[in-house]
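Asker: I'll drop the sequence and a predicted model, then ask my questions.
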Amino acid sequence: MNEANPSTGKWLNRNVFAFGLTSFLSDFCHEMATSVLPQFMQTIGASAAALGFIEGVADAISSFVKLGAGYHSDKIGHRKTWTVFGYILTAMSKAVFAFAFAWPLILIGRSVGWLGRGIRGPLRDAMLAESVSPQDRGKAFGFHRMGDTAGAVAGPLAAFGLLTWIANHPGMMEALWRWVPMLSGAPGGDFRVIFLLTLVPGILSVISIVMVTEKRRAPKKGMRLMGNLRAMPKDYRQFLLAVGIFGMADFAPTLMILRATTVMEPQMGLIEASRLAALFYLLRNIFYAVASYPIGALSDRFSRSRYLAVGYGVAVLTFMGFALVVSSIWWFILFFSLAGIFIAWEDTVEGIAVRDYVDDTLAGTAYGVLGVVNGIGDFVSSFMVGLLWAGVGPAWGFAYAVIVGLLGVFFMARVSPGGGSAQSEAP
């Protein structure tokens with residue numbers, strides 16, 4: 001759709017609202033399925049190793065497809081069509097789990113879903129950045145991240161609410177299997193209902209992304225990926241280096257959940273400790289959602305790179321809390337809350353900062369490179385923390401994150417602010 005750039009006027013325009021609503025619905029769909037996936041895999045006899053393999057493959061697909069998708073959108077001059085396609089893949093992929101009787105079909109569904117996330121991510125961010133004026137990008141990205149994370153809160157709540165409702169209304173299962181007879185009597189039937197119902201928010205997310213309008217550009221048939229990469233400004237390369245260093249400390253939140261579970265288990269048992277750890281994770285997501293908008297909005301007032309370094313510092317403090325942990329509910333409430341704040345800071349401000357360094361012609365490729373750098377960092381950090389945890393103890397794994405995270409803070413604080421960020425001093 002070839003329309004004028006909607007960046008004029010108020011920052012909360014049609015595009016920004018549509019992106020926020022779409023991300024809310026899509027993450028609702030994703031987290032609704034993810035919150036019950038481990039339990040479902042147990043019912044079909046899949047191991048924890050299979051789950052780890054599935055997540056690793058899906059993460060790798062998502063990270064590396066981002067670069068290709070971003071570059072391709074820069075070359076063809078438009079992004080909306082591929083963004084919609086990415087959301088379609090994500091919307092449909094979770095329902096595939098309902099028909100799984102062994103883990104390979106879950107691998108296929110997860111891979112398709114994360115392929116969709118990889119396609120849409122850099123394209124959506126590039127379109128969002130060009131939908132508002134530079135001084136309002138912080139507000140726009142903060143609003144988008146708030147919607148995304150609100151979905152991450154609502155999805156698990158909906159899943160557990162539905163499981164409770166299904167348990168109290170067994171007749172619902174019989175009625176449903178009249179429509180899907182091949183699943184009648186299959187193990188994990190309650191979870192299969194959840195997977196099928198993810199189609200509702202998933203399809204709504206596709207409808208809402210269609211509301212977005214796009215400023216098309218002339219195709220650049222002679223554009224080459226290596227040429228785009230070489231054209232990245234020096235300051236942006238330094239920014240990516242700092243992001244990558246910190247990323248090697250930023251381990252998966254599931255390790256925080258495991259840390260809380262193992263610490264609380266001796267005094268309350270595995271089941272209660274697991275339930276409490278799940279509530280801590282929900283608390284993290286709530287803080288993530290609430291903090292995203294104000295953090296994004298405040299980023300417009302400061303040197304973006306130094307402001308991001310402050311957020312990295314909050315992360316290091318959080319890592320330290322999980323290294324020097326004590327068996328106290330209040331301790332975990334504090335540090336899971338900080339975990340929500342720092343990930344809101346990291347995800348929101350990294351996305352905003354890209355356009356401080358590159359213009360619209362390279363935006364897709366630039367967001368794709370950021371996705372690859374973060375993907376590699378995620379793999380290294382979780383692998384190293386897990387390896388040290390198994391080898392010498394959990395405190396050593398989190399201590400590694402503290403040390404590498406401090407290096408990330410140092411390097412980010414030294415990165416030159418891009419042309420679009422505020423020039424006042426960082427807080």
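Answerer: Perfect, thanks for sending it.

Asker: from here on, just use CA atoms for contacts and neighbour counts.
Answerer: OK.

Asker: and the helix or strand hosting Met146, average pLDDT?
Answerer: Assigned by DSSP states H and E, Met146 falls within helix 137-168. The average pLDDT within helix 137-168 is 84.

Asker: contacts only, for Asp235.
Answerer: For Asp235, the residues meeting the contact criterion (C-alpha atoms under 8 Å, 6 or more residues apart in numbering) are 357, 415-418.

Asker: if you set the cut-off to 7 Å instead, what comes out?
Answerer: Under the criterion of C-alpha atoms under 7 Å, 6 or more residues apart in numbering, the contact list for Asp235 reads 415-416.

Asker: what strand or helix carries it?
Answerer: Using DSSP H and E, Asp235 falls within helix 234-247.

Asker: mind listing what's buried along the strand or helix carrying Trp330?
Answerer: Here Trp330 sits within helix 329-357, counting by DSSP H and E. The neighbour-count criterion (16 or more other C-alpha atoms under 10 Å) identifies 332-333, 335-357 as the buried residues of helix 329-357.

Asker: picking up where we left off before, tilt between the helix holding Met146 and helix 329-357?
Answerer: With axes from the mean of the first three to the mean of the last three C-alpha atoms, to 10 degrees applied, the angle from helix 137-168 to helix 329-357 works out at 140 degrees.

Asker: report all helices and strands that helix 137-168 contacts.
Answerer: For helix 137-168, the contact count by 3 or more C-alpha pairs under 7 Å, 6 or more residues apart in numbering; DSSP states H and E identifies helix 14-34, helix 270-299, helix 329-357 as packing neighbours.

Asker: what's in contact with the next helix or strand after the longest one?
Answerer: Secondary structure here is assigned by DSSP H and E; on that basis, the next helix or strand after helix 270-299 toward the C-terminus is helix 304-323. Taking contacts as C-alpha under 7 Å, 6+ apart, the residues outside helix 304-323 that touch it are 299, 335, 338-339, 342, 345-346, 349, 353, 395, 398-399, 401-402, 405-406, 409, 412-413, 415, 417, 421-422, 426-427.

Asker: rewinding a little: check the helices and strands packed on helix 137-168 for me: which has the lowest mean pLDDT.
Answerer: helix 270-299 (a mean of 84).

Asker: quick one, it and helix 137-168 angle?
Answerer: 160 degrees.

Asker: chain neighbours aside, what residue packs nearest to Val96?
Answerer: Here the nearest residue to Val96 in space, its sequence neighbours aside, is Gly109; by C-alpha to C-alpha, 6 or more residues apart in numbering that works out to 5.6 Å.

Asker: isn't that neighbour right up against Ala95?
Answerer: No: at 8.1 Å, Gly109 does not count as touching Ala95 under the criterion of C-alpha atoms under 7 Å.

Asker: I'd guess the residue nearest to Val96 is in a helix, am I close?
Answerer: Yes: residue assignment for Gly109, taken from DSSP: H, G, I helix; E, B strand; the rest coil, places it within a helix.

Asker: how about it, what does it touch?
Answerer: Each residue near Gly109 by C-alpha under 7 Å, 6+ apart is listed here: 93-94, 96-97.

Asker: out of those, which comes closest to Leu324?
Answerer: Looking at those and their distance to Leu324, the nearest is Lys94, at 37.7 Å (C-alpha to C-alpha).

Asker: how about the nearest residue to that closest one, chain neighbours excluded?
Answerer: In this structure, Lys94 finds its nearest non-sequential neighbour in Phe195, 5.8 Å apart by C-alpha to C-alpha, 6+ apart.

Asker: could you count how many residues lie near that neighbour?
Answerer: Burial of Phe195, expressed as a neighbour count using other C-alpha atoms under 10 Å, amounts to 26.

Asker: quick check: buried residues in stretch 13-32?
Answerer: For stretch 13-32, the neighbour count (16+ other C-alpha under 10 Å) marks 15-32 as buried.

Asker: likewise for stretch 283-302?
Answerer: 283-297, 299-302.

Asker: not counting its own residues, what contacts that stretch?
Answerer: Applying C-alpha under 7 Å, 6+ apart, the set of residues contacting stretch 283-302 from outside is 135-136, 138-139, 141-143, 145-146, 149-150, 152-153, 307, 336-337, 339-341, 343-345, 348-349, 421-426.

Asker: for the helix or strand where Leu123 lies, what is the distance to the chain centroid?
Answerer: In the assignment (DSSP H and E), Leu123 maps to helix 103-129. Shown here is helix 103-129, whose average C-alpha point lies 11 Å from the average C-alpha point of the whole chain (C-alpha atoms, centre = their mean, to the nearest Å).

Asker: what is the rounded mean pLDDT of that helix?
Answerer: For helix 103-129, the mean per-residue pLDDT is 88.

Asker: check stretch 396-416 too.
Answerer: Computed over stretch 396-416, the mean pLDDT rounds to 95.

Asker: ok, Val373 to Val243 distance?
Answerer: Counting by C-alpha to C-alpha, to the nearest Å, the gap between Val373 and Val243 amounts to 7 Å.
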